[in-house]
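>>> Could you look at this predicted model? Sequence included:
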Amino acid sequence: MLSAVLGVGVLAPWTALGPAAAKLTPADSPTAGIGGDIAFQSARAGKGCCRIFTMQANGTDVRSPLPTVSPSYDPAWSPDGSKLAFASFAHRNNFEIYVAEARPGAPGPRLSILTHDKSRDSSPAWSPDGQRLAFVSDRAGSYDVWRMDSNGDNEVDLSGNAANDCGCFEPFFVFAQPAYSPDGSKIASTSDLADPGNNLDVFTMDADGSHVQRLTSNAAVDAEADWSRDGREIAFASGRDGDLEIFVMNADGSGPASLTRNGATDTQPDWSPDGARFAFTSDRDGNPEIYVMRSDGSRQHNITHNPAIDERPDWRPTGG
């Protein structure tokens with residue numbers, strides 16, 4: 001179905017925040033785009049979690065591009081960097097998929113609601129050509145990976161099983177987003193399909209939902225997959241070493257290797273556009289923060305430095 005556009009289609013101006021600010025204040029209106037290099041969700045605005053923010057890759061210039069949409073979760077940049085998909089129940093009593101689109105010269109982006117269902121729709125992910133979105137929905141009775149056109153038309157249940165295909169809610173509380181391969185032929189997802197209610201693994205399927213393949217197989221949680229930009233590797237979070245760490249494996253599931261090694265929880269890896277770095281979430285400083293490291297695991301450093309929850313980084317593709 002066609003998306004619904006809220007109001008006149010223009011949001012309030014951006015707001016800029018310092019590292020520990022809780023009160024939103026007006027900032028200059030942009031001439032183009034939606035925000036900086038990395039989008040993420042945070043509780044730094046107060047009133048619970050969460051709201052979407054953007055920042056530069058070094059953690060500076062933190063902005064709230066969607067100040068009138070709260071709460072908002074699961075940010076996902078479009079391939080050209082001009083749109084931001086996310087989940088929210090700001091205007092309805094259930095989660096829906098939204099898209100904010102840059103409007104050059106306007107005081108804010110155009111906002112559309114793509115899904116219109118009484119179920120929970122969340123965790124959007126763009127196809128590489130920007131024509132489709134994968135997302136997670138429980139409208140069929142369990143959490144499945146769905147697909148729709150970028151305007152909300154032609155919704156299709158891809159996974160169509162009784163499994164939890166995101167690790168949503170008990171006992172996992174992972175809420176993993178699906179991820180398209182760079183060529184658009186496959187989708188990686190997190191599911192308890194092999195061990196319902198007990199363990200999560202990383203799976204892939206063809207973009208039409210066929211040829212499901214289990215990539216990880218151990219007694220620990222493996223979740224939150226993200227493809228390398230050349231499609232040869234998949235990053236993911238795994239608890240196989242006793243706590244959640246960031247791993248990389250070949251796209252067929254072979255050769256897993258850890259990139260982080262500490263007693264904290266390291267999750268939600270996201271490759272930079274050039275493939276040279278990762279953004280990820282870690283609580284090693286006492287609360288969830290956004291970190292950046294090189295693709296070999298070196299030079300890990302905190303870029304948010306905020307007492308509130310900062311999580312779910314999504315690196316903006318070149319452009320926008």
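Alright, I've got the coordinates. Numbering: from 1, shown residues only.

>>> My guess is Asp74 contacts Phe86. True?
Yes. If you go by Cβ atoms under 8 Å, Asp74 and Phe86 touch, sitting 5.6 Å apart. C-beta here means a position set from N, CA and C on the backbone, and glycine is covered the same way.

>>> Give me the common contacts of these two.
Taking Cβ atoms under 8 Å, 6 or more residues apart in numbering as the criterion, Asp74 and Phe86 both touch Pro124.

>>> Setting the sequence-adjacent residues aside, check what's closest to Val156.
Nearest residue to Val156, sequence neighbours excluded (Cβ to Cβ, 6 or more residues apart in numbering): Arg147, at 5.0 Å.

>>> Would you state the secondary structure element containing that neighbour?
Using DSSP states H and E, Arg147 maps to strand 144-149.

>>> Equivalent analysis for Gln268, please.
Assignment of secondary structure by DSSP H and E places Gln268 within strand 266-271.

>>> and that strand, which residues are buried?
By neighbour count on 16 or more other Cβ atoms under 10 Å, the buried set for strand 266-271 is Asp266, Thr267, Gln268, Pro269, Asp270, Trp271.

>>> Tabulate these (TSV), appending distance to Ser254 and pLDDT.
Shown next, in TSV, are the buried residues of strand 266-271 (distance: Cβ to Cβ, whole Å; pLDDT from 0 to 100):
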residue	distance to Ser254	pLDDT
Asp266	22	98
Thr267	22	98
Gln268	23	98
Pro269	18	98
Asp270	22	98
Trp271	19	96
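
>>> so Glu289 makes contact with Asn306?
Yes. Using Cβ under 8 Å, Glu289 makes contact with Asn306 at a distance of 6.9 Å.

>>> Next up, the contacts around the nearest residue in space to Pro79 that is not next to it in sequence.
Sequence neighbours aside, Gly130 is the residue nearest to Pro79 in space, at 4.7 Å (criterion: Cβ to Cβ, 6+ apart). Contact analysis of Gly130 by Cβ under 8 Å, 6+ apart lists Ser78, Pro79, Asp80, Lys83, Ser150.

>>> Next one, pLDDT for Gly130 please.
pLDDT, Gly130: 98.

>>> And what about it, helix, strand or coil?
Three-state call for Gly130 (DSSP: H, G, I helix; E, B strand; the rest coil): coil.

>>> same thing with the one 5 residues further on?
Secondary structure state of Phe135, per three-state DSSP, is strand.

>>> For the stretch 151-300 of the chain, which segments count as strands?
Applying DSSP state E, counting those that start in this stretch to the stretch 151-300 of the chain gives strands spanning 156-157, 179-180, 186-191, 201-206, 213-214, 222-227, 233-238, 245-250, 257-258, 266-271, 277-282, 289-294.

>>> Can you tell me which helices and strands the strand holding Arg147 packs against?
Secondary-structure packing of strand 144-149 (3 or more Cβ pairs under 8 Å, 6 or more residues apart in numbering; DSSP states H and E): strand 132-137, strand 156-157.

>>> what lines up beside the last one in the sheet?
Spelled out, it's strand 156-157. strand 144-149 (antiparallel) (DSSP bridges).

>>> Also the longest one?
On the basis of DSSP bridges, the sheet neighbours of strand 132-137 come out as strand 121-126 (antiparallel), strand 144-149 (antiparallel).

>>> Put together TSV for those strands, with mean pLDDT, distance to Ser228 and mean neighbour count on each row.
Shown next, in TSV, are the strands paired with strand 132-137 (pLDDT from 0 to 100; distance: least, Cβ to Cβ, whole Å; neighbours: other Cβ atoms under 10 Å):
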stretch	mean pLDDT	distance to Ser228	mean neighbour count
strand 121-126	97	15	26
strand 144-149	98	20	24
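
>>> looking at those strands, which is closest to Phe172?
When the strands paired with strand 132-137 are compared by Cβ to Cβ, strand 121-126 sits nearest Phe172, at 13.4 Å.

>>> and the angle for the closest one with strand 222-227?
Calculated by axes from the mean of the first three to the mean of the last three Cα atoms, to 10 degrees, strand 121-126 forms an angle of 30 degrees with strand 222-227.

>>> mind exporting strand 121-126 as CSV, just the C-alpha atoms?
Output in CSV follows, covering the C-alpha atoms of strand 121-126 (Å, rounded to 0.1, in the frame of the first residue of the first chain):
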residue,chain,number,x,y,z
ASP,A,121,6.8,-3.8,12.4
SER,A,122,10.4,-2.9,13.1
SER,A,123,14.1,-3.4,12.1
PRO,A,124,14.1,-2.1,8.5
ALA,A,125,17.0,-2.8,6.1
TRP,A,126,17.3,-1.4,2.6
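
>>> which other residues reach it?
73-74, 76-79, 85-87, 94-97, 115, 132-137, 139, 146, 150, 166, 175-180, 187.

>>> Return the distance of Met148 relative to Ala87.
13 Å (Cβ to Cβ, to the nearest Å).

>>> Overlap of the contact sets of the two?
Ile97, Phe135.

>>> Thr54 is nearest to which of the strands of the stretch 151-300 of the chain?
Of all the strands of the stretch 151-300 of the chain, strand 289-294 sits nearest to Thr54, with 11.4 Å by Cβ to Cβ.
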